[in-house]
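# I need the structure of the sequence given here:
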Amino acid sequence: MPRTEGRVTAVCLSESKGTVKHRVDQARILEGFGLEGDAHGGDWHRQVSLLAQEDIDMMAEKLSSIVNGSFGENIGVSGIDLSSLPIGTRIQVGEALLEVTQIGKECHTRCQIYHTTGDCIMPRRGIFCRVLRSGLVRTGDPVTVLD
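Take a look at the predicted model:
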């Protein structure tokens with residue numbers, strides 16, 4: 001059985017879409033929106049993006065300039081195979097409650113992330129969620145798969 005508990009390794013946001021996100025100490029995740037101040041927030045199914053820290057670390061071994069946020073992810077998570085979670089799975093991230101709505105995504109163009117890193121693992125390994133309950137998220141917070 002896959003691990004159901006992990007930790008937040010980074011919280012990241014960006015002011016515009018298609019760009020590398022920058023780390024912040026903490027962020028408020030808003031119900032029905034996403035991370036406060038993040039360009040990807042809004043009334044849609046991809047309000048918050050998560051990527052496994054293990055995947056980020058694997059890519060950083062190939063290109064040392066890769067850091068948390070390089071792939072446009074909002075939250076880095078260690079200890080859980082995120083891409084194995086089925087759609088509809090609920091995840092407690094810090095104080096917030098998220099629901100998985102999409103695994104990976106199709107990239108129609110080569111964005112800044114691809115040009116910066118030489119590859120974008122987000123389309124294959126990232127997950128996207130909508131926010132069911134608001135709350136604060138910080139690096140080090142627990143991440144728990146609820147169902």
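
# could you pull out the helices for the protein?
53-62, 112-117, 122-125 (DSSP state H).

# Which one of those helices lies nearest to F71?
helix 122-125 (4.5 Å; CB to CB). Using the backbone N, CA and C atoms, a C-beta is placed for each residue, glycine as well.

# So which elements touch that closest one?
Counting contacts by 3 or more CB pairs under 8 Å, 6 or more residues apart in numbering; DSSP states H and E, helix 122-125 packs against strand 48-52.

# quick one: strands adjacent to the strand it packs on?
When sheet partners are counted by DSSP bridges, strand 48-52 sits next to strand 75-78 (parallel), strand 127-133 (antiparallel).

# low pLDDT regions in this structure?
1-3, 107-113, 118 (pLDDT under 70).

# In it, which residue is most central in space?
L50 (1.9 Å; CA atoms, centre = their mean).

# my read: that one touches V77, true?
Yes - counting by CB atoms under 8 Å, L50 does reach V77; the two are 5.5 Å apart.

# ok so, going back, including mean neighbour count and distance to K17, could the strands paired with strand 48-52 go into TSV?
Shown next, in TSV, are those (neighbours: other CB atoms under 10 Å; distance: least, CB to CB, whole Å):
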stretch	mean neighbour count	distance to K17
strand 75-78	25	17
strand 127-133	22	14
